[in-house]
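[1] have a look at this fold, sequence not included:
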């Protein structure tokens, strides 16, 4: 998830060169919890902030990504470094986020950001989020760095959402592993539950949402072909996950953060599968009782 | 709806030239009612035969159309003449249908076919459906030809589904106009309710489905920006139609025929909107109680 395709990097750099030419807007970090509230009542999204983790579009340029996110009618993203490199200037960070905002799209988080134990590297990730006015960093830190992260979430007032990556992840396979590890630390250290990787651990995604809801700061929504063995990503609704139960649980706990579709099939041509997945989620939300 | 884009015609003719080279399969007309039954029980489509009216792809070639229908995971189509011209040979008709079938897609109808009073022209439409083994012709006939059509549905054992086209249609604005006119005639003369054009007439689509269900042989599913004035086509779920009620009613009457998405936005690049619309319908169906 951390490779930076050359074409995207070129796309970014081309944009970066032009970025100084237009307004970059305010650069203040939005404090944790400062997102606009979800619409209630007649909102067919049921108050959930459904958006897209731009890792989905990591083989495509920033401009195409913004166009495709707009096309499927969602208003939120989590920005992957393919669209905003971790090694970027403060001006570039502001410019990219402003470009999303100008298109009516609010970046609610960035990531997944892999973090070593290096304080310089970790501090750069916080500066990156601060410069971009992004309130949450979805990340994959080491266990050893949790004490340092505890200091930095306080210093920057930026949330962390530790992402679980399934049975192959030696550090954070399941959200329950994250949950246990973060208990001693500041509440701004929380989780991004990846429902696919969670199910592959034999953990029920909806139950983990309910258990960890008080520290759930992002979510990767997806569907998978099966829970065991060689599992492939599929369009949401075509796989084995109980997407309805996940969405019902998010509504039940009044989850206020990003519900980010992460679609990992058809990475060179993701738009149709993204559109089908977003349509499915919208159809489920519009039909759920309550 | 009846223009034949030059590019599509060329695409067809290129294909037509190659058609003789591969097997065209059986050419017998499937008798009315001979489609495979919808799957029940665990079928997330709730037994409905959701497919696509290929008018949606009328600016695209046959090959791209088949590829895009496969991509969104549906198994049924209604073939528009852009993908199989009414002026075609029996071999070409068989070849096009076989190409759909080879891709796992069953053509359940053709149309919308505009019909004058000319018996030669009308008879050609029946021969077209017979040659292609298509059991239902979605059509726009004249009122004067109903007696002739009554003879031909018996001679060919092929159903007609008269399509209503909204307030601007001087002959068949609403499905209720069709319903009244067809009462004296053979039951194989029925309707294709277009839910968008129906709503624009001030008629509730779900109520018209319930009233006309016994002769409902195709359905055009869509969504629209508003019911009055300048109404634009939109992705299903983004507009004003009560799609849930339409689908609930189709399930309630155990509707066994084609539920054809007709997506008329983005005609040169329809796939993302088609995918979102199919995803939405799938999400609603998967979530409806019962």
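    Yep, that arrived. Just so it is clear, the structure is predicted and the values come from calculations on it, not from any experiment.
[2] how close does the residue of the stretch 1-150 of chain A found nearest chain B sit to residue B:207?
    When scored by Cβ to the nearest Cβ, the stretch 1-150 of chain A has residue A:71 as its residue closest to chain B, at 5.6 Å. Every C-beta, even on glycine, is put in place using the N, C-alpha and C of the backbone. According to Cβ to Cβ, to the nearest Å, residue A:71 stands 34 Å off from residue B:207.
[3] name the SS class of the spatially most central residue of chain A, please.
    Among the residues of chain A, the one closest to the centroid is residue A:78, at 4.1 Å (Cα atoms, centre = their mean). With DSSP: H, G, I helix; E, B strand; the rest coil as the basis, residue A:78 sits in strand.
[4] which of residue A:71 and residue B:207 has more neighbours?
    residue A:71 (18 against 14; other Cβ atoms under 10 Å in any protein chain shown).
[5] residues in contact with the closest residue to that one other than its chain neighbours?
    The shortest distance from residue A:71 to any non-neighbouring residue, by Cβ to Cβ, 6 or more residues apart in numbering or on different chains, is to residue B:272 (5.6 Å). Contact analysis of residue B:272 by Cβ atoms under 8 Å, 6 or more residues apart in numbering or on different chains lists A:68, A:71-72, A:271-272, A:274-275, B:266.
[6] torsion angles phi and psi at residue A:93?
    phi -60, psi -50 (degrees, to the nearest 10).
[7] wait, residue A:104
    phi 80, psi 20.
[8] just residue A:140 next, same as before
    phi -130, psi 80.
[9] beta partners for it?
    residue A:114 (DSSP bridges).
[10] count the neighbours of it for me.
    19.
[11] shouldn't it be in contact with residue A:122?
    No: look at residue A:140 against residue A:122 with Cβ atoms under 8 Å: they stay out of range, at 11.7 Å.
[12] what sits in contact with each of the two?
    Contacts common to residue A:140 and residue A:122, judged by Cβ under 8 Å, 6+ apart, are residue A:115.
[13] ok, back up a step: show me the contacts of residue B:272 that map onto helices.
    Using DSSP state H, the members of the contacts of residue B:272 that fall within helices are A:68, A:71, A:271-272, A:274-275.
[14] how close does the residue nearest to residue A:71 get to residue B:61?
    18 Å.
[15] for residue A:241, same thing?
    35 Å.
[16] out of those two, which sits in the busier spot?
    Using other Cβ under 10 Å, the more surrounded residue of residue A:241 and residue B:61 is residue A:241, with 21 against 18.
[17] and the more buried one, how far is that from residue A:199?
    6 Å.
[18] for the residue nearest to the centre of chain A, give me the pLDDT.
    Note on residue A:78: pLDDT of 98.
[19] then the one 3 residues further on?
    Per-residue pLDDT puts residue A:81 at 98.
[20] where does the stretch 1-150 of chain A come near chain B, residue by residue?
    A:44, A:68, A:71-73 (Cβ under 8 Å from any Cβ of the partner chain).
[21] same check, this time on the stretch 151-290 of chain A
    Neighbours of chain B within the stretch 151-290 of chain A, by Cβ under 8 Å from any Cβ: A:235-238, A:244, A:271-289.
[22] filter these down to the buried ones, PyMOL style.
    Applied in PyMOL, the following selects the buried portion of those according to 16 or more other Cβ atoms under 10 Å in any protein chain shown:
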select buried, chain A and resi 235+236+237+238+244+271+272+273+274+275+276+277+278+279+280+281+282+283+284+285+286+287
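[23] so which of the residues of the stretch 151-290 of chain A next to chain B belong to strands?
    Among these, no member falls in strands (DSSP state E).
[24] which of the residues of the stretch 151-290 of chain A next to chain B fall within helices?
    Short answer: these in helices (DSSP H) are A:244, A:271-287.
[25] give me the below-cutoff pLDDT ranges for the stretch 101-250 of chain A.
    The stretch 101-250 of chain A contains no residues with pLDDT under 70.
[26] for the one residue in it that gets nearest to chain B, give me its contacts.
    When scored by Cβ to the nearest Cβ, the stretch 101-250 of chain A has residue A:237 as its residue closest to chain B, at 5.0 Å. Contact partners of residue A:237, counting by Cβ under 8 Å, 6+ apart, are A:223, A:243, A:276-277, A:280, B:44, B:279, B:282-283, B:286.
[27] try 7 Å this time
    Residue A:237 is in contact with A:223, A:243, A:280, B:279, B:282-283, B:286, counting by Cβ atoms under 7 Å, 6 or more residues apart in numbering or on different chains.
[28] dump those residues to TSV, plus distance to residue A:156.
    Formatted as TSV, the contacts of residue A:237 follow (distance: Cβ to Cβ, whole Å):
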residue	distance to residue A:156
A:223	34
A:243	34
A:280	36
B:279	38
B:282	42
B:283	38
B:286	41
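[29] report how many residues lie close to residue A:257.
    So residue A:257, with other Cβ under 10 Å, has 24 neighbours.
[30] quick check: which element contains the closest residue to it other than its chain neighbours?
    Among residues not flanking residue A:257 along the chain, residue A:217 sits closest, at 5.2 Å (Cβ to Cβ, 6+ apart). Using DSSP states H and E, residue A:217 sits within strand A:216-221.
[31] and for that strand, what's in contact with it?
    A:53, A:78, A:109, A:136, A:138, A:159, A:161, A:190-195, A:209, A:236, A:255, A:257-262, A:281.
[32] just checking, next helix/strand downstream of it?
    Scanning onward from strand A:216-221 (DSSP H and E), the first element met is strand A:223-224.
[33] farthest pair in the residues of the stretch 1-150 of chain A next to chain B?
    Distances among these were taken as Cβ to Cβ; the most separated pair is A:44 and A:68, at 20.9 Å.
[34] ok, those two, which is more surrounded?
    residue A:68 (19 against 13).
[35] which ones are touching that one?
    A:57, A:271, A:274.
[36] burial measure for residue A:127, as a count.
    For residue A:127, the neighbour count with other Cβ under 10 Å is 15.
[37] what sits up against the helix or strand containing it?
    Using DSSP H and E, residue A:127 sits within helix A:119-132. Applying Cβ under 7 Å, 6+ apart, the contact partners of helix A:119-132 are A:27, A:29, A:84, A:86, A:90, A:93-94, A:96-97, A:107, A:110, A:113, A:115, A:137, A:139, A:145, A:148-149, A:152, A:156, A:158.
[38] list only buried entries from those residues.
    Burial by neighbour count, judged by 16+ other Cβ under 10 Å, picks out A:29, A:84, A:86, A:93-94, A:96-97, A:107, A:110, A:113, A:115, A:137, A:139, A:145, A:148-149, A:152, A:156, A:158 from the contacts of helix A:119-132.
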